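Undergrad: coords below, sequence missing:
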């Protein structure tokens, strides 16, 4: 390891912790996205729509985009608006209640 210096007394930098007030809006948004995805998946499954082409047609999106929107584990900017538009298209009433399960 010629030319490489290592010092063991340096600590790796830690990310700053978010306060509760900073974390809360992000957590609320994450739960909203999760509720929307679950409700949309329930509607699709109750209608017997499992194939990407069928899901895409029901959501009015290309098959790949539709499946990624519903199944994505990490949210992207604009997901809430897209999911709300899809939920309205499927006949779901918004906002979704966190305590009342969806029934067909």
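TA: Okay, I see it. Fair warning: this is a prediction, and the values are worked out from it, not measured in the lab.
Undergrad: Skipping its backbone neighbours, what lies nearest the residue nearest to the spatial centre of the chain in space?
TA: By Cα atoms, centre = their mean, the chain has its centre lying nearest to residue 75, at 4.2 Å. In this structure, residue 75 finds its nearest non-sequential neighbour in residue 33, 5.0 Å apart by Cβ to Cβ, 6 or more residues apart in numbering. (Each C-beta comes from the backbone N, C-alpha and C, glycine too.)
Undergrad: any idea how far that neighbour lies from residue 54?
TA: 23 Å (Cβ to Cβ, to the nearest Å).
Undergrad: who's more crowded, the two?
TA: residue 33 (18 against 15; other Cβ atoms under 10 Å).
Undergrad: Output the below-cut-off pLDDT ranges for the chain.
TA: 1-15, 98-104 (pLDDT under 70).
Undergrad: returning to that earlier point: before we move on, what SS does the residue nearest to the centre of the chain have?
TA: coil (DSSP: H, G, I helix; E, B strand; the rest coil).
Undergrad: which residues touch it?
TA: 29-30, 33 (Cβ atoms under 8 Å, 6 or more residues apart in numbering).
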